[in-house]
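1. after the sequence you'll find the predicted model.
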2 protein chains.
Amino acid sequence: MQANPLLGLIAQLKKLPGVGEKSAQRMAFFLLSLSEKEVAEFAREALETRRRIRYCERCFNISLAQECYVCLDSNREPGTLCVVADPKDIFAMERMGAFKGRYHVIGGLISPLDGIHPDVLRFSELRSRLVSEHISEVILAINPTVEGDTTALYLQQYLEGCGVSVTKLAHGLPMGGDIDYADELTLQKALIGRVRV
Amino acid sequence: MQANPLLGLIAQLKKLPGVGEKSAQRMAFFLLSLSEKEVAEFAREALETRRRIRYCERCFNISLAQECYVCLDSNREPGTLCVVADPKDIFAMERMGAFKGRYHVIGGLISPLDGIHPDVLRFSELRSRLVSEHISEVILAINPTVEGDTTALYLQQYLEGCGVSVTKLAHGLPMGGDIDYADELTLQKALIGRVRV
């Protein structure tokens, strides 16, 4: 017997992060409301992007070409590299828009329990770039977790003697945040990192 | 210059209802994390469903075949038709699962201001089915809006003399709802429709 004709599409849409049964149903009906051409464009975009995506050979961001759009952008300030764990983090930094340097994706955070040792991360590629691109500052934009702090500490030692200053993003109260609601650790970081008014 | 390689995919995903910039970005990264085969399956499902979908010739639900899966289901109780404005409403009724009859989609609600007059809705098809399918009860599952109430009233008069009883879904307090938070109209409907305990 024929089943509900949208079951397959709904099952596919439910795989998307944050999409449950009802959202998937609404999305399925929305897709049916589009013209066949529009749905074809939607499907083509998903498939083509997935097919063509690869890693930038310089910074390991996702890219459609040999080098990513950040690396190819000649308006970027040379001399500064922002180190991130994952290409997703580049998107967050780019949304913010205030960073004008380039990036380096190390591909994860040190986590021996998960089998992620320093030698599987892209540290040597980073060190090579420091020389070839005349880098003077490496900014670590790495999550403040146990793995993140371990990685930051490791990197700081790893890059010692390379003649670059290694900094990391400040921790403290989020903008618009309320001291009363801040957790102890965040408040402690904010106190330690206090600045002159 | 090459732009952000996910811009196109994110633009497509943002068209989906309830999906903003950040959700679209998360979804795009999720799609990249799938294998090419899985993304192809996703794209194929969307395109194929859109291509093959049509209306059931009997009840005007969406369907992949001449008749929809509800109409073809011989376990459905004959004699009762649930009238809905849109195929979406059938999905809501089916999720609930307690209705065992079949459906009839009229394709909208009477709204002269929007140019939706009774003659563009599938009323005559409904009347034909009353005879051919020996229907004894028509249940109106229509939103309690001005257009919905107008349509319900029209249908009640339209079906007069057809020998069917025309009922509509009860209005009242939603389950788990709080009398204190109920709007006046809902509370009034609940009072009018009160039942013996």
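-> It's in.

2. does the nearest residue to residue A:66 once chain neighbours are set aside count as helix, strand or coil?
-> Excluding the flanking residues, the one nearest residue A:66 by Cβ to Cβ, 6 or more residues apart in numbering or on different chains is residue A:57, at 5.5 Å. No exception for glycine: its C-beta is placed from N, CA and C like everyone else's. Under the three-state scheme (DSSP: H, G, I helix; E, B strand; the rest coil), residue A:57 adopts coil.

3. near residue A:57, how many other residues are there?
-> 13 (other Cβ atoms under 10 Å in any protein chain shown).

4. measure it to residue A:72 for me?
-> Distance, residue A:57 to residue A:72, using Cβ to Cβ, to the nearest Å: 11 Å.

5. surely residue A:164 touches residue A:136?
-> Yes - between residue A:164 and residue A:136 a contact is recorded at 6.0 Å, counting by Cβ atoms under 8 Å.

6. of the two, who's got more company?
-> residue A:164 (19 against 13).

7. pLDDT value on the more buried one, please?
-> Residue A:164 is assigned a pLDDT of 93 by the prediction.

8. report the contact partners of it.
-> Residues near residue A:164 by Cβ atoms under 8 Å, 6 or more residues apart in numbering or on different chains: A:130, A:135, A:136, A:137, A:138.

9. distance check, the third one against chain B.
-> Distance of residue A:136 to chain B, given as Cβ to the nearest Cβ, to the nearest Å: 26 Å.

10. tell me the contacts of that residue?
-> A:79, A:80, A:163, A:164, A:165 are the contacts of residue A:136 under Cβ under 8 Å, 6+ apart.

11. redo that, cut-off 7 Å
-> By Cβ atoms under 7 Å, 6 or more residues apart in numbering or on different chains, the residues touching residue A:136 are A:79, A:164, A:165.

12. redo these as CSV? Include secondary structure.
-> Formatted as CSV, the contacts of residue A:136 follow (three-state DSSP):
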residue, secondary structure
A:79, coil
A:164, coil
A:165, strand
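
13. name the element residue A:185 belongs to?
-> Assigned by DSSP states H and E, residue A:185 belongs to helix A:184-192.

14. quick one, strands of chain A?
-> A:54-55, A:62-63, A:80-84, A:102-105, A:137-140, A:165-168 (DSSP state E).

15. most tightly packed of the ones you listed?
-> Most buried of those, by mean neighbour count (mean count of other Cβ atoms under 10 Å in any protein chain shown): strand A:102-105, with a mean of 25.
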